[in-house]
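A.B. asks: Sequence plus the predicted model coming up.
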Amino acid sequence: MRRSTSLTRHFQSQAGLDQLEFSMVLIVLSLIWLAGLNRLHELQEMGEKTAVEITISNINAGLRWEMADRIMTGREASIVEMDGSNPVHWLEKAPEGYLGEYPAMPDRFPPGAWYFDTSRKELRYRPILERNLTCRQCERIGGKTTLGWHIVRTANPMFGRGSRVRAVTVATYRWF
């Protein structure tokens, strides 16, 4: 009997964490939480990059459809009129956050927004997250990077005549 009483007292004294152990557990849990939060932020930025790339890819697809329509209906010469036009016109619907057409940067141009600059003939986008975005020649407005694309006309290598249009970046950037 005496033996079980001493074991019970021993386990009762070891039942909880002392302050050092508790502090170490908190530190380890905090580090895990911070690592997870950092990874989540990185994944959100990757998602934003993907959404921007898909939008530009859809613009180029819309331009190809419009060029094909003009070629098939005998209006190939009118393709040159697409040069410098608003690329959003060739999308089924405007990208989320699209503010419209402006002769200069709108007064309110929040992160995650798009607009078409009619004086420069450029589609502009302000990233929400840009920790992994590198661009030496990109315009910085209010400390935030602004990306841009415009529609340019190039020769049509398929036919050796005529022209084609596509959206190209104003300044080369690297995102991740």
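C.D. replies: Structure received. Fair warning: this is a prediction, and the values are worked out from it, not measured in the lab.
A.B. asks: how about V168, secondary structure?
C.D. replies: strand (DSSP: H, G, I helix; E, B strand; the rest coil).
A.B. asks: ok, for it, nearest residue in space, not its chain neighbours?
C.D. replies: Nearest residue to V168, sequence neighbours excluded (C-beta to C-beta, 6 or more residues apart in numbering): V152, at 5.5 Å. In this view, the C-beta of every residue, glycine as well, is placed from N, C-alpha and C.
A.B. asks: and L26, what is it in contact with?
C.D. replies: Listed by C-beta atoms under 8 Å, 6 or more residues apart in numbering, the contact set of L26 is empty.
A.B. asks: about what we covered before: the residue nearest to V168 is in contact with S85, isn't it?
C.D. replies: No: using C-beta atoms under 8 Å, V152 is not in contact with S85, being 10.9 Å away.
A.B. asks: What is the burial count for the residue nearest to V168?
C.D. replies: Neighbour count for V152, taken as other C-beta atoms under 10 Å: 15.
A.B. asks: What strands flank the strand or helix carrying it, and is each parallel or antiparallel?
C.D. replies: For V152, the host element (DSSP states H and E) is strand 144-155. With DSSP bridges as the test, strand 144-155 is paired with strand 122-125 (antiparallel), strand 139-141 (antiparallel), strand 163-169 (antiparallel).
A.B. asks: C-alpha coordinates for it, CSV please?
C.D. replies: Extracted C-alpha coordinates of strand 144-155, given in CSV (Å, rounded to 0.1, in the frame of the first residue of the first chain):
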residue,chain,number,x,y,z
LYS,A,144,3.4,50.3,-55.3
THR,A,145,4.4,48.6,-58.5
THR,A,146,2.1,49.1,-61.5
LEU,A,147,2.2,46.6,-64.3
GLY,A,148,1.1,47.5,-67.8
TRP,A,149,0.3,45.9,-71.2
HIS,A,150,-0.6,47.3,-74.6
ILE,A,151,-1.8,45.8,-77.9
VAL,A,152,0.8,46.0,-80.6
ARG,A,153,0.7,45.1,-84.3
THR,A,154,3.2,42.6,-85.7
ALA,A,155,3.7,41.0,-89.1
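A.B. asks: Strands along this protein, start to end?
C.D. replies: Counting by DSSP state E, the chain has strands at residues 98-102, 114-117, 122-125, 133-134, 139-141, 144-155, 163-169, 174-175.
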